[in-house]
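In: Build me a model:
(2 chains)
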Protein chains: 2
Amino acid sequence: MGLGQEISEVLGSRLSYQGRKFRFVVEKLRLPKGTQAEFEYIKHPGGALCVPVTNDGKLILVRQYRFSVCDRLLEFPAGTVEPHEDPEATIRREIEEETGYRAHQWQKLGEFSLAPGYSSEMIYAFLAKDLEPLDTPPEQDVDEDIEVVTLSAEELKAAILAGEPVDSKSISSFFLAQDFL
Amino acid sequence: MGLGQEISEVLGSRLSYQGRKFRFVVEKLRLPKGTQAEFEYIKHPGGALCVPVTNDGKLILVRQYRFSVCDRLLEFPAGTVEPHEDPEATIRREIEEETGYRAHQWQKLGEFSLAPGYSSEMIYAFLAKDLEPLDTPPEQDVDEDIEVVTLSAEELKAAILAGEPVDSKSISSFFLAQDFL
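Out: Residues are numbered from 1 along each chain as shown, chains lettered A, B, ... in the order given. Model prediction:
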């Protein structure tokens, strides 16, 4: 997609907080049309996600606790890209940690901005096929609380349209994958 | 959807920054499964979005500059819910500011978490029909840099799949609307 074509000039920085996975900053920017204003946003290294498809056409998702919304959401496996990491390497690791499956066939689906009002995060979405259940899956992160869920594409569409709690990157990636399912 | 069923207990707060549209906090939480850890996230009042459909079936979108990704994204009209505001009131105002159209027929499409890893924001998505172009559209916000774009549903799907820069809430809402287009 080649984003980043129109840089905003940073005129000053008032706050910069380094969190575990991203930096939160308050910066005064000059936008391309000339406006100067202060913006608060997250500088994020990016996220990688996959739509895992079993040999019989089922989708592997996770239902995980999310403190931010105080509930469990149905999501595709995903994780934060480490500095200087290739997004495909990120998601090859995360699918194993979150679902216990290894995928041997990978295909890029696309990429999109997650929350452009306040985050630079891009989501890199992949299709993951030829799945192999691992005998000894890697440990989950200590703050993860995850259950693996297997659904057909029709069941997932019905669940989303019925109001099952889901997140935006998962719906978007399902959309990008639909012609391959 | 009734999110908020499993509250995490706030054990302490280390930073709380009040931005223009949301608060950024660093809190120590006790998660439902017992883990205690520090989390950085945005406490957000929510976002409202609409998929505007003209009488001849075209979709009204905006292409707007986003400083966070230093580029222009194709998005559906949307805006931040003001405190104590009904999301439908938010988007009835925002569609006029961003596109110059008033919509007379409204239907709830659904809601979803935008970026659950670091934001409490829920997106409330609506279908907006029976559009009327306003003679004198309201002023845009000073930091907005927006162009109105009209596409058929087929053109939008093709643009997204071809890698046109887009954002997640717009793809997700297009998915929720697809059976009504």
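
In: would you list every one of the helices in chain A?
Out: Taking DSSP state H to define them, one finds helices in chain A at A:87-99, A:153-161, A:168-177.

In: can I get the CA coordinates of the second one in CSV?
Out: Extracted as CSV, the C-alpha positions of helix A:153-161 are listed here (Å, rounded to 0.1, in the frame of the first residue of the first chain):
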residue,chain,number,x,y,z
ALA,A,153,-17.1,-19.4,7.5
GLU,A,154,-20.9,-19.5,7.5
GLU,A,155,-21.0,-19.9,11.3
LEU,A,156,-18.5,-17.0,11.8
LYS,A,157,-20.5,-14.7,9.5
ALA,A,158,-23.7,-15.6,11.3
ALA,A,159,-22.0,-15.0,14.7
ILE,A,160,-20.7,-11.6,13.7
LEU,A,161,-24.1,-10.5,12.2
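
In: contacts for that helix?
Out: Taking contacts as Cβ atoms under 8 Å, 6 or more residues apart in numbering or on different chains, the residues outside helix A:153-161 that touch it are A:57, A:59, A:61, A:74, A:151, A:166, A:171, A:174, A:178, A:181, B:110, B:175-176, B:179. In this view, the C-beta of every residue, glycine as well, is placed from N, C-alpha and C.

In: Please indicate which of the residues you listed are buried?
Out: Buried by 16 or more other Cβ atoms under 10 Å in any protein chain shown: A:Leu59, A:Leu61, A:Leu74, A:Leu151, A:Val166, A:Ile171, A:Phe174, A:Gln178, A:Leu181, B:Gly110, B:Phe175, B:Leu176, out of these.

In: Quickly check these for the two that are furthest apart.
Out: Using Cβ to Cβ, the two most remote members of those are A:Leu181 and B:Gly110, lying 20.5 Å apart.

In: how close does the residue of chain A most remote from its centre get to A:Glu9?
Out: Farthest-out residue of chain A from its mean C-alpha position, per Cα atoms, centre = their mean: A:Gly34, at 32.5 Å. Noted for A:Gly34: a distance of 10 Å to A:Glu9, by Cβ to Cβ, to the nearest Å.

In: same deal with A:Ala115?
Out: A:Ala115 sits 23 Å away from A:Glu9, taking Cβ to Cβ as the criterion.

In: I'd guessed A:Phe39 sits against A:Glu27; true?
Out: Yes. With contact defined as Cβ atoms under 8 Å, A:Phe39 reaches A:Glu27; the gap is 5.9 Å.

In: What is the neighbour count of the closest residue to A:Gly46 other than its chain neighbours?
Out: Among residues not flanking A:Gly46 along the chain, A:Val81 sits closest, at 4.2 Å (Cβ to Cβ, 6 or more residues apart in numbering or on different chains). For A:Val81, the count of nearby residues is 23 (other Cβ atoms under 10 Å in any protein chain shown).

In: tell me, how many neighbours does the residue nearest to A:Ile7 when sequence neighbours are not counted end up with?
Out: Nearest residue to A:Ile7 in three dimensions, chain neighbours excluded: B:Cys70, at 5.0 Å (Cβ to Cβ, 6+ apart). Neighbour count of B:Cys70, defined by other Cβ under 10 Å: 15.

In: so where's chain A shaky on pLDDT?
Out: A:1, A:142 (pLDDT under 70).

In: Distance to A:Glu98 added to the buried ones among the contacts of helix A:153-161, as TSV?
Out: Shown next, in TSV, are the buried ones among the contacts of helix A:153-161 (distance: Cβ to Cβ, whole Å):
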residue	distance to A:Glu98
A:Leu59	14
A:Leu61	10
A:Leu74	13
A:Leu151	15
A:Val166	16
A:Ile171	18
A:Phe174	17
A:Gln178	22
A:Leu181	20
B:Gly110	25
B:Phe175	23
B:Leu176	25
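
In: Domain-wise, how is chain A divided?
Out: Split into domains by automatic domain parsing, chain A comes to A:9-43, A:47-111+A:130-180.

In: and the first one, how far out from the chain's middle?
Out: In this case it means domain A:9-43. 22 Å (Cα atoms, centre = their mean, to the nearest Å).

In: Now that domain: buried residues?
Out: Buried residues in domain A:9-43, counted by 16+ other Cβ under 10 Å: A:17, A:19, A:21-22, A:24-27, A:29, A:31-32, A:35, A:37, A:39-42.

In: now, which of these lie within strands?
Out: If you go by DSSP state E, these have A:Tyr17, A:Phe24, A:Val25, A:Val26, A:Glu27, A:Leu29, A:Ala37, A:Phe39, A:Glu40, A:Tyr41, A:Ile42 in strands.

In: wait, what's in contact with the last one?
Out: Applying Cβ under 8 Å, 6+ apart, we find A:Ile42 in contact with A:Phe22, A:Arg23, A:Phe24, A:Val25, A:Tyr118, A:Ser119, A:Ser120, A:Glu121, B:Ile42, B:Tyr118.

In: what about the closest residue to the first one other than its chain neighbours, neighbour count?
Out: For A:Phe22, ignoring the flanking residues on the chain, the nearest one in space by Cβ to Cβ, 6+ apart is A:His44 at 4.4 Å. One way to gauge burial is a neighbour count; for A:His44, by other Cβ under 10 Å, it gives 23.

In: wait, A:Leu109 sits on A:Ala177?
Out: Yes. Counting by Cβ under 8 Å, A:Leu109 touches A:Ala177, with 5.7 Å between them.

In: So for those two, which residue has more residues nearby?
Out: Using other Cβ under 10 Å as the criterion, A:Leu109 and A:Ala177 rank with A:Leu109 on top: 24 against 21.

In: so what's that one up against?
Out: A:Val51, A:Ala125, A:Phe126, A:Leu127, A:Ser173, A:Leu176, A:Ala177, A:Phe180.
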